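Peer 1: what follows is a predicted structure for the sequence shown.
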Protein chains: 2
Amino acid sequence: MARSPYAGTVTPSADVRPYHHGNLRTALLEAAERRLAEHGADGIALRDLAREIGVSHAAPRRHFADRQALLDALAISGFARLDERLRAAVDDAAADSSSRMRAVASTYTRFATENASLLDLMYTSKHRPGGEAILEAAEAPFSLLSDLIEQGQRENTLTREDLTGSATVLFASLHGIATMINGSFVPAAQLEGLTDIAVSQFLQAAGPAPVADQR
Amino acid sequence: MARSPYAGTVTPSADVRPYHHGNLRTALLEAAERRLAEHGADGIALRDLAREIGVSHAAPRRHFADRQALLDALAISGFARLDERLRAAVDDAAADSSSRMRAVASTYTRFATENASLLDLMYTSKHRPGGEAILEAAEAPFSLLSDLIEQGQRENTLTREDLTGSATVLFASLHGIATMINGSFVPAAQLEGLTDIAVSQFLQAAGPAPVADQR
DNA sequence: CTACGGTGTTGCCCATGACTACATTCACGA
DNA sequence: TCGTGAATGTAGTCATGGGCAACACCGTAG
C-alpha cells in the first residue's frame, strides 16, 4: 500500500513513517469530511480516521478533545467554506443587489444540497457548550446577507421596513428548500425553481413598490 | 423502587414481573421519545431503554430490527402527531383558507420548535432503505397543505399559477425558521413574527392582487 | 395436551470513545 | 551545544453499546 500521508513540512527520509505526522489535525478534518459526505456524521469514527491516516487510535485526541469537538470543527470549517463560496458568487455576479441576491441564493441552495450531511452538522448545534464557536462562524455568511440588504437600501431596491425579518425568512426558505430536497421530500430537479421563487418573493415583499396593481 | 412498568392488558399477579411485558413496543417508543426530547437522538440507546423499562437488553430487538428501525418508527409517529396537530389547528381556525393557512403555519413552527430533535429525525432520512416509510408518513401533513390550497382556489383567494411551488417554499420557510431557532441562530422570540412574515409573503405572492412581475 | 410461534433472557463478540501512563521529537534558551 | 519542557504520538485499558445466537417461557390453535 502507498504510504505517504504527508502533507506538511516534514519530508520523510525514505520509507519510514516519522513519529510525528506533521499535519494530523488537518488530515483528520479532511478524512472526516470525506466520511461525512459518504456516510453521514454517524459514519465518522475517530478510530477509523486514525487507521485511515495511519496513526494510533489515541492520536486524534491530541487535536480534538472528543468526537464532538471534531464534529464542531467540521461545522465551523463548513461555514467558512460556505462563506467563501457565497462571496465568490457575489463577486461573479452583476453589481446590483438583486442579481447578487439571486446569485447568493442559488449558490447557497446548491452548496446545501451538495453537502447535505455537512449542513446538518452546521445547523444542528444542540446548544451544547462550545456551540458558540459554531454560531460565531455562522456570522460570516449572515453578515454577507446584511451587507447585500444595505446595498439594496442604498440602491432603493429594498425600501420596506422590517427587512431583517424578511431576510431571515429568505434565508430560512433557502435552507428549508435544501432540507426538503436532501430528505427526498421534494425532487432535486426543483432546486433552481424553488430557489427562484423564494428570492422573488423576498424581492417582491421587500421591494419598493407595493404599487397599484396593473395586470 | 416501584415496579410497575405495566401498561398493557396483562395484570401481574402480585409482585412478580410477568415474563412477557405485554406492550413492549409501545413502551420502547414512549421511552425513546422522552430521551429524544431530553438528550437528542444520540442519547437513545437500546440497552438504556431496555433497562429503564425493565426488560433484558436484547428484548427490543424483537420489535425493532436495529436501532435505526426504532428511530424510523419515531420519525413516522412524529409525522402522525404533527398531522393531528395541524388538522386540529385547521378545525379550530376560522373557515376561510387564509385563516386556516395561518393557523397551520404557526402550529407547524410551534411544533417544530417544541420538538426540535424529533424534527431532525423526521427530515434527516438519509435515503436509506426503509426511508420510504418515512416519506409516506410525511404525505399526510403535505396533503393537508394541498387541500388548503385547493380551498383557496375555490375561494379565489389564491389565483396564481404555480401554487405548488409557492406552497413548497412556504413549507420550506416554516421549516427553515424552526431550524434557525432550534439552532439558536435566531432568537426564539421571533418565532411568531417570522412565521407571520412567511405566510404573508405566500399569500401575497399567490394571492389575487398581482404586483406586476419582478425584474 | 401438544406443538409452534411470538416474546423475552443470557451470554457472547466486537467496535468505539475516553482515559492513563509512557515514548519520541522539536524548539528554545542557557 | 546541550538539555529541558511542551507537543505530539503510542500502547494498554475500561465501560458502553449494538448486534447475534442459543435457550426459556407462554399462550393458543389444532
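Peer 2: Structure's in. What do you need?
Peer 1: please make it C-alpha for all contacts and neighbour counts, starting now.
Peer 2: Will do.
Peer 1: can you list contacts of stretch A:51-64?
Peer 2: Stretch A:51-64 is contacted from outside by A:Pro5, A:His21, A:Leu24, A:Arg25, A:Ala27, A:Leu28, A:Ala31, A:Leu46, A:Arg47, A:Ala50, A:Leu70, using C-alpha atoms under 8 Å, 6 or more residues apart in numbering or on different chains.
Peer 1: redo that, cut-off 7 Å
Peer 2: Stretch A:51-64 is touched from outside by A:Pro5, A:Arg25, A:Leu46, A:Arg47, A:Ala50, A:Leu70, with contacts defined as C-alpha atoms under 7 Å, 6 or more residues apart in numbering or on different chains.
Peer 1: of those residues, closest to A:Thr159?
Peer 2: Closest approach between the contacts of stretch A:51-64 and A:Thr159, by C-alpha to C-alpha: A:Leu70, at 42.9 Å.
Peer 1: where's that closest one relative to A:Phe64, distance?
Peer 2: 6 Å (C-alpha to C-alpha, to the nearest Å).
Peer 1: among those two, which residue is more densely surrounded?
Peer 2: A:Leu70 (21 against 17; other C-alpha atoms under 10 Å in any protein chain shown).
Peer 1: per-residue pLDDT, A:Thr11?
Peer 2: For A:Thr11, the pLDDT comes out at 38.
Peer 1: which strand or helix spans A:Gln151?
Peer 2: Using DSSP states H and E, A:Gln151 sits within helix A:131-154.
Peer 1: right, is whatever helix or strand comes next after that helix up against chain B?
Peer 2: Once the chain leaves helix A:131-154, the next helix or strand it forms, by DSSP H and E, is helix A:163-182. Yes. Residues of helix A:163-182 contacting chain B under C-alpha under 7 Å from any C-alpha of the partner chain: A:Gly165, A:Ser166, A:Val169, A:Ala172, A:Ser173, A:His175, A:Gly176, A:Ile177, A:Met180.
Peer 1: what of stretch A:23-41?
Peer 2: No. Counting by C-alpha under 7 Å from any C-alpha, chain B has no neighbours in stretch A:23-41; the shortest distance is 8.2 Å.
Peer 1: how about that stretch, does it reach DNA strand D?
Peer 2: Yes. With C-alpha under 7 Å from any atom of the strand as the measure, stretch A:23-41 is seen reaching DNA strand D through A:Asn23, A:Leu24, A:Arg25.
Peer 1: for that stretch, list the C-alpha coordinates in PDB.
Peer 2: Output in PDB follows, covering the C-alpha atoms of stretch A:23-41 (Å, rounded to 0.1, in the frame of the first residue of the first chain):
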ATOM      1  CA  ASN A  23      -0.300  17.700   9.900                       C
ATOM      2  CA  LEU A  24      -2.600  15.400  11.700                       C
ATOM      3  CA  ARG A  25      -5.200  17.900  12.600                       C
ATOM      4  CA  THR A  26      -5.700  18.800   9.000                       C
ATOM      5  CA  ALA A  27      -5.500  15.200   7.800                       C
ATOM      6  CA  LEU A  28      -8.200  14.300  10.300                       C
ATOM      7  CA  LEU A  29     -10.500  17.000   9.200                       C
ATOM      8  CA  GLU A  30     -10.100  16.100   5.600                       C
ATOM      9  CA  ALA A  31     -10.700  12.400   6.200                       C
ATOM     10  CA  ALA A  32     -13.600  13.200   8.400                       C
ATOM     11  CA  GLU A  33     -15.100  15.400   5.700                       C
ATOM     12  CA  ARG A  34     -14.900  12.700   3.200                       C
ATOM     13  CA  ARG A  35     -16.600  10.200   5.500                       C
ATOM     14  CA  LEU A  36     -19.200  12.800   6.400                       C
ATOM     15  CA  ALA A  37     -20.100  13.200   2.700                       C
ATOM     16  CA  GLU A  38     -20.100   9.500   2.100                       C
ATOM     17  CA  HIS A  39     -21.600   8.000   5.200                       C
ATOM     18  CA  GLY A  40     -23.000  10.900   7.200                       C
ATOM     19  CA  ALA A  41     -22.000  12.100  10.600                       C
END
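Peer 1: for it, what is the average pLDDT?
Peer 2: Mean pLDDT, computed over stretch A:23-41, is 96.
Peer 1: also stretch A:160-178?
Peer 2: So the average pLDDT for stretch A:160-178 ends up being 94.
Peer 1: mind checking how far A:Gly152 is from A:His57?
Peer 2: Separation of A:Gly152 from A:His57 (C-alpha to C-alpha): 52 Å.
Peer 1: ditto for A:Gln204
Peer 2: Shown here: A:Gln204 relative to A:His57, a distance of 55 Å by C-alpha to C-alpha.
Peer 1: quick one: the lengthiest helix in chain A near DNA strand C?
Peer 2: Looking across chain A with DSSP state H, the single longest helix is helix A:67-92. Yes. Counting by C-alpha under 7 Å from any atom of the strand, DNA strand C has neighbours in helix A:67-92: A:Arg67, A:Gln68.
Peer 1: I'd like the next helix or strand past that helix.
Peer 2: Remark: after helix A:67-92, the chain's next helix or strand is helix A:97-114, criterion DSSP H and E.
Peer 1: does any bit of that following helix sit next to chain B?
Peer 2: No. Shown here: helix A:97-114 not in contact with chain B (C-alpha under 7 Å from any C-alpha), separated by at least 8.8 Å.
Peer 1: got the contact list for stretch A:93-100?
Peer 2: Stretch A:93-100 is contacted from outside by A:Val90, A:Ala103, A:Leu148, A:Gln151, A:Gly152, using C-alpha under 7 Å, 6+ apart.
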